[in-house]
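Peer 1: Quick one, fold the following:
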Amino acid sequence: MIGPRVALVFWGMTRALNYTIGSIEKHIFLPLEAANVTWDVYMHTYRMRGNYSNTRNGVLNIQLNYTEYQLLKPTVYRIDSQDRVDAWLHWRDYSHKGDPWDNDFLSLRNSLRALYSQMVATLLVAASGKHYNAVVLLRPDVLFLNDLNATLLTHVQANTAYLPDFGQYGGLNDRFAFGTPDAMYIYGTRYMHALQYSTSHQLHSESYVRDYLQYSKLSAVEVPIRFLRFRATGKADPQDAPFVPIVPAPANNTLNNTINNTVNSSNFSRQ
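Peer 2: Predicted structure coming up:
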């Protein structure tokens with residue numbers, strides 16, 4: 001008997017995937033396999049000129065490994081030049097109501113890159129023409145701490161976005177979502193509404209998710225999926241630190257090494 005099939009849609013910089021891949025395998029892939037759920041991996045990520053820095057998080061001049069995306073064995077993927085995308089995002093057009101993070105619009109620029117990346121990855125699924133029971137939108141740079149609920153995933157309700165039950169910051173968590181393909185198409189392409197929204201609101205990530213779901217007539221259901229953002233340095237985001245029991249030891253940036261010393265990795269079939 002053929003079981004349900006889902007699309008796992010990764011978006012954004014892979015920058016810490018060598019630290020997080022073990023948890024993705026353990027807490028995302030393994031629960032799906034145990035529930036007889038098969039999956040395809042879609043992905044959009046970036047390359048950039050020079051080294052990676054994010055002064056907001058204390059990350060300076062890190063040389064990224066742009067082969068990390070291969071760890072996810074994507075079925076379909078696209079890699080864009082972040083420098084080229086930045087050139088036509090025109091972030092100042094989104095700044096008329098001010099800087100919600102008060103850090104010289106650094107986080108606003110990162111938010112726009114994330115929205116664009118999520119949209120491109122979502123459109124890759126739509127262009128595939130494949131039927132899926134559900135779609136999951138997730139970041140490759142987070143360390144998952146508990147299992148994705150595969151039973152809930154395969155019984156999602158229409159017009160509903162299932163979101164994490166933490167990290168709302170006055171709105172709704174924007175780092176993970178799942179739902180029906182139709183609901184996730186609406187959710188995953190909210191970049192296309194962001195400019196209009198920014199004419200009357202500050203484009204704050206979590207607040208925008210809350211308001212966009214209301215605008216799109218999607219219900220939000222919060223679920224207990226927990227994860228920790230990792231930086232390119234291999235360190236946890238301090239805001240997320242209370243959620244993690246132990247920080248994994250760094251791994252070598254090679255595809256053939258065992259990755260992540262705190263989470264057991266396994267081989268997973270994709271039928």
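Peer 1: residue boundaries of the strands in the stretch 51-200 of the chain?
Peer 2: Using DSSP state E, counting those that start in this stretch, the strands of the stretch 51-200 of the chain run over 52-54, 59-62, 76-81, 134-138, 142-144, 160-164, 176-179.
Peer 1: so which of these is the most packed in?
Peer 2: Of all the strands of the stretch 51-200 of the chain, strand 176-179 carries the top mean neighbour count, a mean of 26, counting by mean count of other C-beta atoms under 10 Å. Glycine gets a C-beta too; all of them are placed from N, C-alpha and C.
Peer 1: helices and strands around it, which ones?
Peer 2: strand 134-138, strand 160-164, helix 181-188 (3 or more C-beta pairs under 8 Å, 6 or more residues apart in numbering; DSSP states H and E).
Peer 1: Just put the ones you listed in CSV and tack on distance to residue 194 and mean pLDDT.
Peer 2: Shown next, in CSV, are these (distance: least, C-beta to C-beta, whole Å; pLDDT from 0 to 100):
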stretch, distance to residue 194, mean pLDDT
strand 134-138, 16, 98
strand 160-164, 17, 97
helix 181-188, 13, 98
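Peer 1: out of these, which comes closest to residue 43?
Peer 2: Minimum separation from residue 43 across these (C-beta to C-beta) falls at strand 134-138, 10.3 Å.
Peer 1: In terms of secondary structure, what does that closest one contact?
Peer 2: Partner elements for strand 134-138 (3+ C-beta pairs under 8 Å, 6+ apart): strand 5-11, helix 106-128, strand 176-179, helix 181-188.
Peer 1: Identify each buried residue in the helix or strand harbouring residue 44, please.
Peer 2: Here residue 44, judged by DSSP states H and E, is contained in strand 38-47. Within strand 38-47, the residues that qualify as buried are 38-46, counting by 16 or more other C-beta atoms under 10 Å.
Peer 1: pLDDT averaged over it - what is it?
Peer 2: What strand 38-47 shows for mean pLDDT is 96.
Peer 1: Identify the neighbouring strands of that strand in the sheet and state each direction.
Peer 2: Sheet pairing of strand 38-47 (DSSP bridges) gives strand 5-11 (parallel), strand 76-81 (parallel).
Peer 1: Those: which one's closest to residue 157?
Peer 2: Of the strands paired with strand 38-47, nearest to residue 157 by C-beta to C-beta is strand 5-11, at 15.3 Å.
Peer 1: Could you dump the helices and strands packed on strand 176-179 into JSON lines and include distance to residue 25?
Peer 2: Shown next, in JSON lines, are the helices and strands packed on strand 176-179 (distance: least, C-beta to C-beta, whole Å):
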{"stretch": "strand 134-138", "distance to residue 25": "13"}
{"stretch": "strand 160-164", "distance to residue 25": "19"}
{"stretch": "helix 181-188", "distance to residue 25": "22"}
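Peer 1: With respect to residue 204, which of these lies nearest?
Peer 2: strand 160-164 (15.7 Å).
Peer 1: what angle separates the closest one from helix 181-188?
Peer 2: Strand 160-164 runs at 60 degrees relative to helix 181-188, counting by axes from the mean of the first three to the mean of the last three C-alpha atoms, to 10 degrees.
Peer 1: can you tell me how far the nearest residue to residue 145 once chain neighbours are set aside sits from residue 7?
Peer 2: Nearest non-adjacent residue to residue 145, counting by C-beta to C-beta, 6 or more residues apart in numbering: residue 226, 4.3 Å away. For residue 226, the distance to residue 7 equals 22 Å [C-beta to C-beta, to the nearest Å].
Peer 1: okay if I get the strands paired with strand 38-47 as JSON lines plus distance to residue 122 and mean pLDDT?
Peer 2: Shown next, in JSON lines, are those (distance: least, C-beta to C-beta, whole Å; pLDDT from 0 to 100):
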{"stretch": "strand 5-11", "distance to residue 122": "6", "mean pLDDT": "98"}
{"stretch": "strand 76-81", "distance to residue 122": "12", "mean pLDDT": "95"}
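Peer 1: What residues does the nearest residue to residue 133 once chain neighbours are set aside make contact with?
Peer 2: Counting by C-beta to C-beta, 6+ apart, residue 4 is the residue found nearest to residue 133 once chain neighbours are left out, at 4.1 Å. By C-beta atoms under 8 Å, 6 or more residues apart in numbering, the residues touching residue 4 are 35-38, 133-134, 154.
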